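Asks: Here is the input, now give the coordinates:
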Amino acid sequence: MTEHNKTLGEFIINKQAEFKYSSGELSRLINSIRLAGKIVNHEVNKAGLVDILGAAGGENIQGETQQKLDVYANEVFIKTLINREIVCGIASEEEDDFISIKGGNNKNDNKYVVLMDPLDGSSNIDVNVSVGTIFSIYRRVTPSGTPVTLEDFLQPGNQQVAAGYIVYGTSTMIVYSTGHGVNGFTLNPAIGTYYLSHPNMKFPASGNIYSVNEGNYIHFPQGVKDYIKYCQSEEEDRPYTSRYIGSLVSDFHRNMIKGGIYIYPNTSKNRDGKLRLLYECNPMAFLAERAGGKASNGFKRILEIKPTELHQRVPFFCGNKEMVEKAEEFMKKAEKE
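Replies: Numbers count the residues shown, from 1 in each chain. A predicted model of the protein is given here:
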């Protein structure tokens, strides 16, 4: 069997020995995420045919308007993870607080907690642009047999045992890592099976794409403004190409394949940035580093930040290592001036 003929299920079984503390639970957990992703994908593909577009009429904990598919995806992932009796806790961008889950025999003896953004970029659904799901997996740190606490979720990103995303685009892909490389699997919708399509994904050695919402330029820190000017200057291999979709999963996915940097800085309006550390930045940083890239808040490695709250926001610079390091240079220089 060639690598490209390998299904996600077969890949998980073959790689199970690489998991620390391997007992099959992490494999079953990733399989349950795969299943939930297929269900959400089916609904996303019906958008425009059924009443699933538009706002749901409520707001999430961030004060953001929830889309109908946000609510649907959140429910699907939570129900799937609970029904499989694999995790002891779930935290979602769409929920005010974490969810404590009892395992089999009504005990809190499962090992893993999952943090997720069930539908990243959901405002793009109405205009038929790619969206995604982001997930992050940790081993609990509180004693087995007890209910999970906030401590189990407020772990730095370097403690993740696995992370990944599902992109619902022209094709549906699941991209994930358990710390041993990054691999992408494409869904064959005819038979409902994911096949390994992008083995051992890596950022190119150099990139020429920068992804940032330049509409907020006036509110950016001086270091970001200076870096954007650098990207636009006609020197050496520049100007770079500007590409911004507004869906973190889609922008990250493109940049990992083609080479680029994604930036969502703090602004004068959002002093701490806008992206969530636990649901978006940590899992993407985990993938970036294992694909040869880098992720930073402009000054410090994302995976070393100790979270202090469930819905904490941070500035985010992620992509090709040399591009992120160049952006950091401009940030540090501007801070000194």
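Asks: residue ranges of the strands in the stretch 151-300 of the chain, please?
Replies: For the stretch 151-300 of the chain, applying DSSP state E, counting those that start in this stretch gives strands covering 160-168, 172-177, 183-188, 193-198, 209-211, 241-242, 260-264, 293-296.
Asks: what comes into contact with the shortest one?
Replies: With contacts defined as C-beta atoms under 8 Å, 6 or more residues apart in numbering, strand 241-242 is touched by 208-212, 214, 231, 260. C-beta coordinates here come from the backbone N, C-alpha and C atoms, glycine included.
Asks: what about the longest helix that the chain contains, average pLDDT?
Replies: When the chain is parsed with DSSP state H, its longest helix is helix 25-44. Averaging pLDDT along helix 25-44 gives 90.
Asks: what angle separates it from strand 172-177?
Replies: For helix 25-44 against strand 172-177, the angle by axes from the mean of the first three to the mean of the last three C-alpha atoms, to 10 degrees is 150 degrees.
Asks: Out of the strands of the stretch 151-300 of the chain, which gets nearest to P143?
Replies: strand 160-168 (18.1 Å; C-beta to C-beta).
Asks: what's the closest one packed up against?
Replies: helix 25-44, strand 131-139, strand 172-177, helix 248-258, helix 282-290 (3 or more C-beta pairs under 8 Å, 6 or more residues apart in numbering; DSSP states H and E).
Asks: Turn these into a markdown table, including distance to D120 and mean neighbour count.
Replies: Output for the helices and strands packed on strand 160-168, formatted as a markdown table (distance: least, C-beta to C-beta, whole Å; neighbours: other C-beta atoms under 10 Å):
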| stretch | distance to D120 | mean neighbour count |
| --- | --- | --- |
| helix 25-44 | 12 | 20 |
| strand 131-139 | 5 | 26 |
| strand 172-177 | 13 | 23 |
| helix 248-258 | 5 | 23 |
| helix 282-290 | 10 | 26 |
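Asks: can you redo those as JSON lines with distance to P239?
Replies: Converted to JSON lines, these look like this (distance: least, C-beta to C-beta, whole Å):
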{"stretch": "helix 25-44", "distance to P239": "35"}
{"stretch": "strand 131-139", "distance to P239": "28"}
{"stretch": "strand 172-177", "distance to P239": "29"}
{"stretch": "helix 248-258", "distance to P239": "16"}
{"stretch": "helix 282-290", "distance to P239": "24"}
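Asks: How about the secondary structure of C318?
Replies: strand (DSSP: H, G, I helix; E, B strand; the rest coil).
Asks: So for it, what's the nearest residue that isn't a sequence neighbour?
Replies: Sequence neighbours aside, A295 is the residue nearest to C318 in space, at 4.2 Å (criterion: C-beta to C-beta, 6 or more residues apart in numbering).
Asks: repeat for K332
Replies: With sequence-adjacent residues excluded and distances taken as C-beta to C-beta, 6+ apart, K332 is closest to F299, at 6.7 Å.
Asks: Now do the same contact list for the one you found.
Replies: When contacts are counted by C-beta under 8 Å, 6+ apart, F299 touches 328, 331-332, 335.
Asks: if we can go back for a sec, out of the strands of the stretch 151-300 of the chain, which one sits most buried?
Replies: Most buried of the strands of the stretch 151-300 of the chain by mean neighbour count (mean count of other C-beta atoms under 10 Å) is strand 260-264; its value is a mean of 27.
Asks: What average pLDDT does that strand get?
Replies: In this model, strand 260-264 carries a mean pLDDT of 98.
Asks: Which other helices and strands does that strand contact?
Replies: Counting by 3+ C-beta pairs under 8 Å, 6+ apart, strand 260-264 packs on strand 209-211, helix 248-258, strand 316-320, helix 321-336.
Asks: follow-up on the earlier one: closest one of the contacts of strand 241-242 to I166?
Replies: Looking across the contacts of strand 241-242 and measuring by C-beta to C-beta, the closest to I166 is S211, at 19.4 Å.
Asks: Beta-bridge partners for the closest one, please?
Replies: Per DSSP bridges, the residues bridged to S211 are Y262.
Asks: Do I have it right that it meets H253?
Replies: No. Counting by C-beta atoms under 8 Å, S211 stays clear of H253, with 10.9 Å between them.
Asks: who touches the closest residue to F203 other than its chain neighbours in this structure?
Replies: Spatial nearest neighbour of F203, excluding adjacent residues (C-beta to C-beta, 6+ apart): G293 at 4.2 Å. Applying C-beta under 8 Å, 6+ apart to G293 gives the contacts 203, 256, 318-321, 324.
Asks: S268 contacts H219, doesn't it?
Replies: Yes. At 4.5 Å, S268 counts as touching H219 under the criterion of C-beta under 8 Å.
Asks: what separates R140 from N270, distance-wise?
Replies: R140 sits 31 Å away from N270, going by C-beta to C-beta, to the nearest Å.
Asks: Which one's more surrounded, the two?
Replies: R140 (22 against 15; other C-beta atoms under 10 Å).
Asks: how much space between the more buried one and D117?
Replies: 20 Å.
Asks: middle-most residue in this structure, spatially?
Replies: By C-alpha atoms, centre = their mean, the chain has its centre lying nearest to I134, at 3.6 Å.
Asks: show me what contacts it?
Replies: Contacts of I134 (C-beta under 8 Å, 6+ apart): 116-117, 120, 163-165, 248-249, 279-280, 283-284.
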